[in-house]
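# Sharing a sequence plus its predicted fold:
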Amino acid sequence: MGCGRTGAAIAERLDREGHRVTVIDRDASRFGRLDGGFGGRLAAGNGMDMEALERAGVREADAFIAVTQGDNRNFFASQLAREVYGVARVICRVKDPQRGEIFGRLGIDTYSPTSAGADAMIAMLAGEAPA
């Protein structure tokens, strides 16, 4: 869910690796970020809306990744995918590390680019290769 730079990069890579990928975004014009060779499915709609998720095929999904700009939107859609639709693997991007900790305690796997970026820059400052 989310076809910004990160969502498009994830979708393209998974598609190239042979996975069946569906990208859902509220703004269909954002699908233009995907390269011309993208072979996945595109679904315009709000990932917090159950009907939109169902049209996108969430009932058949093995995994769900939420990477919109909104932490709360990502968390809500991730909870729907996991709790309502039983998606086995759910990952939620959370820019606010404190929210990430809270969401993690609620059982959602989170990734914080804020924390990862800080860790990488500190490692670089220390002369180490970033993780």
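Here it is on my side, so go on.
# buried sites along stretch 24-34?
Residues Ile24, Asp25, Arg26, Arg30, Phe31, Arg33, Leu34 are the ones in stretch 24-34 that count as buried (16 or more other Cβ atoms under 10 Å). Just so you know, the C-beta spots here come from the backbone N, C-alpha and C atoms, and that holds for glycine as well.
# and that stretch, how far out from the chain's middle?
14 Å (Cα atoms, centre = their mean, to the nearest Å).
# Please shift the residue numbers so they start at 9 in all later answers.
In the new count, where the first residue is 9, that last one comes out as stretch 32-42.
# now what about that stretch, what contacts it?
Residues outside stretch 32-42 that contact it (Cβ atoms under 8 Å, 6 or more residues apart in numbering): 9-13, 15-16, 19-20, 31, 48, 50-55, 60-61, 64, 76.
# try stretch 65-74
9-10, 15, 18, 30, 49, 51, 55, 81-83, 85-86, 88-90, 93, 95-101.
# Mind jotting down where the helices sit in this protein?
Remark: helices assigned in the chain by DSSP state H are 13-24, 58-63, 79-87, 105-113, 121-133.
# Distance to Phe72, mean neighbour count and mean pLDDT for the ones you listed - can I get that in TSV?
Putting the helices of the chain into TSV (distance: least, Cβ to Cβ, whole Å; neighbours: other Cβ atoms under 10 Å; pLDDT from 0 to 100) gives the following:
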stretch	distance to Phe72	mean neighbour count	mean pLDDT
helix 13-24	12	17	97
helix 58-63	9	15	96
helix 79-87	7	21	95
helix 105-113	14	15	85
helix 121-133	18	12	92
